[in-house]
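> could you work out the structure for the sequence below:
(one chain, ligands or ions: 1)
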Amino acid sequence: MAILKNDLLLRTLRGEATERTPVWMMRQAGRYLPEYMVLREKYGFFERCQTPELAAEITIQPVDIVGVDAAILFSDILVVPQAMGLEVQLIESKGPLLPDPIKTTADLNRVRVPDVEESLGYVFDAIKLIKQELNGRVPLIGFAGAPWTLLCYMVQGKGSKTFDEAKAFCYMNPELAHSLLQMITDTTIAYLKAQVKAGADVVQIFDSWGGLLSPSDFELLSLQYIRQIVAALKDEVPTIIFAKGAWHSLDSMTATGAHGLGIDWCIKPQLAREFAGNNVTLQGNFDPARLLSPIPEIKKQVTSMLETFGPGKHIANLGHGILPNVPVDHARAFVDTVKEFRHTAG
Ligand SMILES: Cc1c2[nH]c(c1CCC(=O)O)Cc1[nH]c(c(CCC(=O)O)c1C)Cc1[nH]c(c(CCC(=O)O)c1C)Cc1[nH]c(c(C)c1CCC(=O)O)C2
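Reported below is the predicted structural model:
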């Protein structure tokens, strides 16, 4: 496999000093890119995920077009519930729909811990192809959803602001909930290990709905499972936990041994650093909607963000996924501002 020419992300995750801050954007492969929209017209969402040539092309688009320091695999967190036996649809402009969500013991009996090589082999084929085509330009980030966030969709059956049905399920049927969370965890460990074997250089765990839980429920329903995943992976590749809104548990997230922690824009970087301690890299935390500002304002705010984080142990990113209505030159301004910035010595 080609030697990495740009390993800023990996060195920053290992806590090493680098010449500048690395930058990528969550959901960087997607709808704000006209080149993505061309492929979206022609192929269905899961067809794009399941065809290695298409997944590879979409993964590499933001590297070519906006110049990010890392590629992230084009796929979705919901391919795991699919592989576990649930039907998952993506409805245009509405989001995910799981027509037969899990509500009862009988429903739980429909899901299984699959052989990932068999059911998700297309992901590993895509990773191998991406690594070939990247040819060492930048590292490749693999990913999976956190068990709690996947449970939210598997039980609620669709997107929600509160995921109250998923919560009710957990609070009314804790045994069922924990069996499901453990099955998702076991699948995810095998899935991420196979991503690494295929060539992923880093893995990120997306807990988009971790912040809906109280600190004690976050430990109970989310972090204890994330901890198992990090423990299984961290000696193979650097791991990043992004638990949106769960700033109250940054200390416990550091204690998992993860190399990086994602933070959103609702916490000051200094406070996140105090909570997380000095032995972990922080990733974030630009408000995605701020990319809708005029370019000079974006440059000013990105510079201020970089100054606030200070040198080292920081990966510049958004605090959540890029919005579909962001102009490409605004995304590029974000990336370029990070690449041009240098911390003043001392
Ligand atoms: C919650 C979640 C999902 N998927 C994901 C999360 C966690 C991150 C987050 O909170 O944003 C993760 C994800 N989804 C996608 C990626 C690809 C890699 C990347 O560019 O980051 C990643 C890392 C592609 C996608 N996944 C989806 C699209 C849009 C599909 C399209 O319209 O073409 C893409 C590019 C569809 C999807 N998939 C999901 C939703 C809610 C939706 C619809 C709404 C939306 O688009 O944001 C579930």
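> the closest residue in space to Leu4 that isn't next to it in sequence: how many residues sit nearby?
In space, Leu4 comes closest to Gly136 once its chain neighbours are excluded; the distance is 5.1 Å by CB to CB, 6 or more residues apart in numbering. C-betas here are computed from N, CA, C, even on glycine. Counted with other CB atoms under 10 Å, the neighbours of Gly136 add up to 13.
> and Gly136, how far is that from the ligand?
Distance check for Gly136 against the ligand: by CB to the nearest ligand atom, to the nearest Å, it reads 20 Å.
> for the longest helix along the chain, buried residues please.
For the chain, the helix that runs over the most residues, judged by DSSP state H, is helix 174-198. Residues of helix 174-198 classed as buried by neighbour count (16 or more other CB atoms under 10 Å): 176-177, 180-181, 183-196, 198.
> now stretch 105-119
Buried residues in stretch 105-119, counted by 16+ other CB under 10 Å: Asp107, Leu108, Val111, Val113, Pro114, Val116, Ser119.
> report the two of those separated the most.
Between any two of the buried residues of stretch 105-119, the greatest separation by CB to CB is 22.0 Å, found for Asp107 and Val116.
> how about the residues of the stretch 101-250 of the chain by the ligand?
Taking CB under 6 Å from any ligand atom, the part of the stretch 101-250 of the chain that reaches the ligand is made up of Phe143, Gly159, Phe206, Ser208.
> how far away is the last one from Leu250?
So that's Ser208. To Leu250, Ser208 is 17 Å away according to CB to CB, to the nearest Å.
> and these two? Which one has more around it.
Neighbours were counted for Ser208 and for Leu250 using other CB under 10 Å; Leu250 has more, 23 against 20.
> the more buried one against Gly262, yeah?
No - because the distance of 10.2 Å does not satisfy CB atoms under 8 Å, Leu250 is recorded as not touching Gly262.
> quick one: the longest helix of the chain to chain centroid distance?
In terms of CA atoms, centre = their mean, to the nearest Å, the gap separating the centre of helix 174-198 from the centre of its chain is 16 Å.
> pLDDT averaged over the helix or strand that it is followed by - what is it?
Downstream of helix 174-198, the first helix or strand assigned by DSSP states H and E is strand 202-207. Throughout strand 202-207, pLDDT has a mean value of 98.
> centre-most residue in the chain?
Compute the mean C-alpha point of the chain, and by CA atoms, centre = their mean the closest residue is Phe206, 4.3 Å away.
> OK, contacts around it?
Under the criterion of CB atoms under 8 Å, 6 or more residues apart in numbering, the contact list for Phe206 reads Ile77, Phe143, Ala144, Gly145, Ala146, Thr149, Phe242.
> which one of the residues you listed is nearest Ile60?
Each of the contacts of Phe206 was scored against Ile60 by CB to CB, and Phe143 proved nearest at 16.1 Å.
> so that closest one, which of the three states?
strand (DSSP: H, G, I helix; E, B strand; the rest coil).
> tell me the two of the residues of the stretch 101-250 of the chain next to the ligand that are most distant?
Checked with CB to CB, these reach their widest spread between Phe143 and Gly159, with 18.6 Å between them.
> between these two, tell me which one has more neighbours.
Between Phe143 and Gly159, counted using other CB under 10 Å, Phe143 has the larger neighbour count: 21 against 13.
> the more buried one touches Leu73, doesn't it?
Yes - shown here, Phe143 and Leu73 form a contact pair, counting by CB under 8 Å, at 6.4 Å.
> the stretch 51-200 of the chain: helices as residue ranges?
Secondary structure of the stretch 51-200 of the chain, counting by DSSP state H, counting those that start in this stretch: helices at 52-65, 79-83, 105-108, 116-119, 121-134, 147-156, 164-172, 174-198.
> ok so, going back, quick check, nearest of the residues of the stretch 101-250 of the chain next to the ligand to Glu41?
Nearest to Glu41 out of those is Gly159 (CB to CB; 23.4 Å).
> ok, and the closest non-adjacent residue to that closest one?
In this structure, Gly159 finds its nearest non-sequential neighbour in Gly95, 4.5 Å apart by CB to CB, 6+ apart.
> the one you found: neighbour count?
Using other CB under 10 Å, Gly95 is surrounded by 13 other residues.
> what does Leu292 give?
Residues near Leu292, counting by other CB under 10 Å, number 14.
> quick one: residues contacting it.
Going by CB under 8 Å, 6+ apart, the list of residues near Leu292 reads Leu323, Asn325, Val326, His330.
> same deal with Leu212?
In this structure, Leu212 makes contact with Cys152, Thr162, Phe163, Lys167, Gly245, judged by CB under 8 Å, 6+ apart.
> and the pLDDT at it?
Note on Leu212: pLDDT of 98.
> what of Ala345?
We have a pLDDT of 69 for Ala345.
> start at 11 instead
Okay, residue one is now 11; in that scheme the one you just asked about reads as Ala355.
> residues contacting Val338?
When the contact criterion is CB under 8 Å, 6+ apart, the partners of Val338 are Tyr42, Leu43, Pro44, Ile75, Val76.
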